[in-house]
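> Structural data only, the sequence is not supplied:
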């Protein structure tokens, strides 16, 4: 029993030692595992820290790079803004200049248009003056008499030239010399001893006949002969009428117009005006005979 007790005790001691050894082995394994885990954590931590620092460095470098780019962009922006403001000011200045130039151009255009119109008026007046000069040189004897300007106008001279183109006696100098003999070129001339009026000194009876019968006009009054243009028309029409009546005999025409048989003094006075253009009643009479 005692041996059995010792044997049992030895077995328990053995078991305890086994357990102790087992625990020691487990503890050692645990410690080794803990150390391994710790070493692994340290390695991982060191790697993490290294990577983290590297990433931080890269991040910092990237941030610095972008900071530099941002500063460069900011600088470019500020430069562009300054340039924009300068260009905006220049644009405003140019726009104002353009507006001023446009206003000046409009003014110049208006002035140019005015000059064109003035030039046109000048050319028209110049042409008129040239025509007047030509007419004056041609009919001076009927425009100025004894140093005084007659009532015969340049327009009336042109009207007379047109009238005699289709007349039987195509000679405006004869008509003008006749007018100067009758009225001295006084459009409103009135005979104090008869009803004779105007350039051709038409009696009312003759005036009415010529105006209504030869010119086929109505509303005749005694004052129509005082209108210079109408009087010229009446003279050419009446002389044409007398030309037909007297078969182109100029002296008979003058005699009928004058209403007297003795027309020598009258013809001489007409000749005194015709002399200014190198003509005479005789020459015009011979020309009339040639035409018949």
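Done, it's in. As the structure is a prediction and not an experimental result, all values here were calculated from the model.
> rest of the way, CA atoms for contacts and neighbours
Will do.
> so what's the nearest residue to residue 256 once chain neighbours are set aside up against?
Nearest residue to residue 256, sequence neighbours excluded (C-alpha to C-alpha, 6 or more residues apart in numbering): residue 242, at 7.5 Å. By C-alpha atoms under 8 Å, 6 or more residues apart in numbering, the contact set of residue 242 is 253, 256-257.
> again, but for residue 225
Residues near residue 225 by C-alpha under 8 Å, 6+ apart: 197-199, 201-202, 207, 231.
> Pull out the buried members of the residues you listed.
197-199, 201-202, 207, 231 (16 or more other C-alpha atoms under 10 Å).
> just those now: which is nearest residue 140?
Lowest distance from residue 140 to the buried ones among the contacts of residue 225 (C-alpha to C-alpha) belongs to residue 199, with 16.7 Å.
> wait, the closest one sits on residue 231?
Yes: using C-alpha atoms under 8 Å as the test, residue 199 is close enough to residue 231 to be in contact (6.4 Å).
> quick one: low-confidence parts of the stretch 51-200 of the chain?
The model of the stretch 51-200 of the chain has pLDDT under 70 over residues 51, 122, 126.
> Going along the chain, name the helices of it.
154-165, 172-183 (DSSP state H, counting those that start in this stretch).
> Give me the angle between the first one and helix 172-183.
Just to be clear, that refers to helix 154-165. 120 degrees (axes from the mean of the first three to the mean of the last three C-alpha atoms, to 10 degrees).
> related to what we said a few turns ago, export the helices of the stretch 51-200 of the chain as a markdown table, with columns for distance to residue 235 and mean neighbour count.
Shown next, in a markdown table, are the helices of the stretch 51-200 of the chain (distance: least, C-alpha to C-alpha, whole Å; neighbours: other C-alpha atoms under 10 Å):
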| stretch | distance to residue 235 | mean neighbour count |
| --- | --- | --- |
| helix 154-165 | 10 | 16 |
| helix 172-183 | 8 | 23 |
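> Residue 285: which of those helices is closest?
Nearest of these (C-alpha to C-alpha): helix 172-183, 10.5 Å.
> That closest one - contacts with which helices or strands?
Using 3 or more C-alpha pairs under 8 Å, 6 or more residues apart in numbering; DSSP states H and E, the elements in contact with helix 172-183 are helix 2-143, helix 154-165, helix 264-274.
> What lies in contact with the shortest one?
Taking C-alpha under 8 Å, 6+ apart as the criterion, the residues outside helix 264-274 that touch it are 141, 173-174, 177-178, 180-181, 279-281.
> circling back: adding distance to residue 130, write the helices of the stretch 51-200 of the chain out as JSON lines.
Shown next, in JSON lines, are those (distance: least, C-alpha to C-alpha, whole Å):
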{"stretch": "helix 154-165", "distance to residue 130": "11"}
{"stretch": "helix 172-183", "distance to residue 130": "20"}
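> quick one, which of those helices is nearest to residue 112?
Of all the helices of the stretch 51-200 of the chain, helix 154-165 sits nearest to residue 112, with 31.7 Å by C-alpha to C-alpha.
> quick one: the closest one to helix 2-143, angle?
For helix 154-165 against helix 2-143, the angle by the same axes, to 10 degrees is 70 degrees.
> And helix 154-165, how far out from the chain middle?
Averaging C-alpha positions (C-alpha atoms, centre = their mean, to the nearest Å) puts helix 154-165 38 Å from its chain's average.
> What is that helix packed up against?
With contacts defined as 3+ C-alpha pairs under 8 Å, 6+ apart, the packing partners of helix 154-165 are helix 2-143, helix 172-183, helix 228-245.
> now, of those helices, which is deepest in the fold?
Of all the helices and strands packed on helix 154-165, helix 172-183 has the most neighbours on average by mean count of other C-alpha atoms under 10 Å, namely a mean of 23.
> ok, residues contacting that helix?
By C-alpha under 8 Å, 6+ apart, helix 172-183 touches 139, 142, 160-161, 164, 185, 189, 198-201, 235-236, 266, 269-271, 273-274, 277, 281.
> Let's see that with 6 Å instead.
If you take C-alpha atoms under 6 Å, 6 or more residues apart in numbering as the criterion, helix 172-183 is touched by 199-200, 270, 273.
> what angle do that helix and helix 264-274 make?
Orientation of helix 172-183 against helix 264-274 (the same axes, to 10 degrees) gives an angle of 130 degrees.
> Helix or strand next in line after helix 172-183, which one?
Downstream of helix 172-183, the next assigned helix or strand under DSSP states H and E is helix 204-209.
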